[in-house]
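Asks: Could you work out the structure for the sequence below:
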Amino acid sequence: TTWFTDQVRSYSDFGDGTLMMLPNEASVDGLFYNKTLFEKYGWKLPETFDDLISLAEEVQKEGYYLLSAGGAENRWAWLMSQLMVRTGGIDSYNHLTYGEGLKDWADPQYGYPQALEKFKQLVDAGAYYPGTVGMMVNEADTLFCTEKVVMYYEGSWKPGNWKNIVGEEWLNANVGVMSFPAMTDMEKGDPEAIIGGTLNGWIINESLSDEEKQACCEFKPFRFQ
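Replies: Sure thing, here's the model as predicted:
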């Protein structure tokens, strides 16, 4: 089918043309921010990680926190992925996550220890709303939508979640999105890489009969008509 582009399909195969799943959706991550609050207080969007740390301290002076996340549901994963490509670059990230480097996470040449240090800098700067470690994702979403925190890092599905809380009008009027700031002290890091991909998909059981497999193939496009 031409419904999926060649690039999207490439994220779902083994590299030898064998398709391991049919992608159901694709998504990219972003650093969302409350543009109304930024305009009100004259805050500048952070261009570097150092700017982000300074911003964390600046927003607290006005009674806000920089970030929230569903810590109890391990929603740090997206941010950690972004920190890793900023510290070690895409090749290092792929080395660690695609199986070849499963024993290399502690090796600083691949950037993960530095990513942890960057995360610690955010925590030490008071970037996160108190109690974030034990927070459910719906609580974190509510903090952003009620303007208790001014930024939120996760995937492109988040605006849909926020729309259910505050409505489309508030969303359009108040929410902007940007790429995660560059890390000028990380030579191997990629300052422009954006985390994303095909998060989930459809897999057909190999043990099914040919007739059953064909029925699965026919069901998939029908679902999206």
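
Asks: low-confidence ranges in this structure?
Replies: Applying pLDDT under 70 to the chain picks out residues 1-20, 199, 220-225.

Asks: Just confirm residue 53 contacts residue 120, I think it does.
Replies: No - assessed by C-beta atoms under 8 Å, residue 53 is found out of contact with residue 120, at 11.1 Å. For glycine as for every other residue, the C-beta is placed from the backbone atoms N, C-alpha and C.

Asks: neighbour-wise, which of those two wins?
Replies: Regarding residue 53 and residue 120, a neighbour count based on other C-beta atoms under 10 Å identifies residue 53 as having more, with 20 against 10.

Asks: which residues touch the more buried one?
Replies: Remark: with contacts taken as C-beta atoms under 8 Å, 6 or more residues apart in numbering, residue 53 is in contact with 121-122, 125, 127.

Asks: These in strands, which ones?
Replies: Counting by DSSP state E, no part of the contacts of residue 53 is found in strands.

Asks: Need those residues in CSV (columns: distance to residue 62).
Replies: Shown next, in CSV, are the contacts of residue 53 (distance: C-beta to C-beta, whole Å):
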residue, distance to residue 62
121, 21
122, 18
125, 15
127, 14
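
Asks: Tell me the buried residues within those residues.
Replies: 122, 125, 127 (16 or more other C-beta atoms under 10 Å).

Asks: Could I get those in TSV, plus columns for distance to residue 43?
Replies: Putting the buried ones among the contacts of residue 53 into TSV (distance: C-beta to C-beta, whole Å) gives the following:
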residue	distance to residue 43
122	17
125	15
127	14
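
Asks: Just the ones of the residues you listed in helices?
Replies: Those of the buried ones among the contacts of residue 53 mapping onto helices are residue 122, per DSSP state H.

Asks: now, among the buried ones among the contacts of residue 53, which is nearest to residue 192?
Replies: residue 122 (20.6 Å; C-beta to C-beta).

Asks: how much space between that closest one and residue 80?
Replies: Counting by C-beta to C-beta, to the nearest Å, the gap between residue 122 and residue 80 amounts to 11 Å.

Asks: Residue 120 now?
Replies: The value you get for residue 120 to residue 80, if C-beta to C-beta is used, is 12 Å.

Asks: same thing with residue 95?
Replies: Plainly put, residue 95 is 16 Å away from residue 80 if you go by C-beta to C-beta.

Asks: residue boundaries of the strands in the chain?
Replies: Along the chain, counting by DSSP E, strands occupy 22-23, 27-34, 151-155, 175-178, 196-197, 201-202.

Asks: now those strands as a markdown table including distance to residue 143 and mean neighbour count?
Replies: Shown next, in a markdown table, are those (distance: least, C-beta to C-beta, whole Å; neighbours: other C-beta atoms under 10 Å):
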| stretch | distance to residue 143 | mean neighbour count |
| --- | --- | --- |
| strand 22-23 | 32 | 18 |
| strand 27-34 | 11 | 20 |
| strand 151-155 | 9 | 22 |
| strand 175-178 | 14 | 16 |
| strand 196-197 | 24 | 15 |
| strand 201-202 | 32 | 15 |
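
Asks: Okay then, goodbye and thanks.
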